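Undergrad: sequence-free structure coming up:
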């Protein structure tokens, strides 16, 4: 799992300084975990995301953003509660989910939101 800074976020996810409308820059769909080190529910999500990152290697990317270190990114997405998870499909609008989700929910959203096109084409 990669930790994103504003600079890497603009390159790999969305350059909100250039584009007003959502325009995904990444190669693979991704999940972005907005977290903070002091947040207990965030700590529960981390091992789940690590497992998913292995299970879906080469299909999706999983990124983490420390809301304490990257206040501008958190503000750009109106993050008010953490963990907040942003699911970014390759095409279409991203979807935000709040709170520590169980692994089954992650897998469902990955299937429904992030990988839906690939499965239809296959």
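TA: Thanks, I have the structure now. From a predicted model like this one, the values you see are computed outputs, not experimental measurements.

Undergrad: can you give me the strands for the chain?
TA: 2-3, 30-35, 61-66, 84-88, 95-98 (DSSP state E).

Undergrad: sheet-wise, list the partners of the second one with their directions.
TA: Each strand that pairs with strand 30-35, with its direction, by DSSP bridges: strand 61-66 (parallel), strand 84-88 (antiparallel).

Undergrad: could you do the last one as well?
TA: Applying DSSP bridges to the sheet, strand 95-98 is found paired with strand 84-88 (antiparallel).

Undergrad: give me the distance from the partner strand to the chain's centre.
TA: How far strand 84-88 lies from its chain's middle: 4 Å, per C-alpha atoms, centre = their mean, to the nearest Å.

Undergrad: quick check, central residue of this structure?
TA: Centroid-nearest residue in the chain, with C-alpha atoms, centre = their mean: residue 32, separated by 1.8 Å.

Undergrad: quick one: residues contacting it.
TA: 4, 13, 62, 63, 64, 65, 85, 86, 88 (C-beta atoms under 8 Å, 6 or more residues apart in numbering). Every C-beta, even on glycine, is put in place using the N, C-alpha and C of the backbone.
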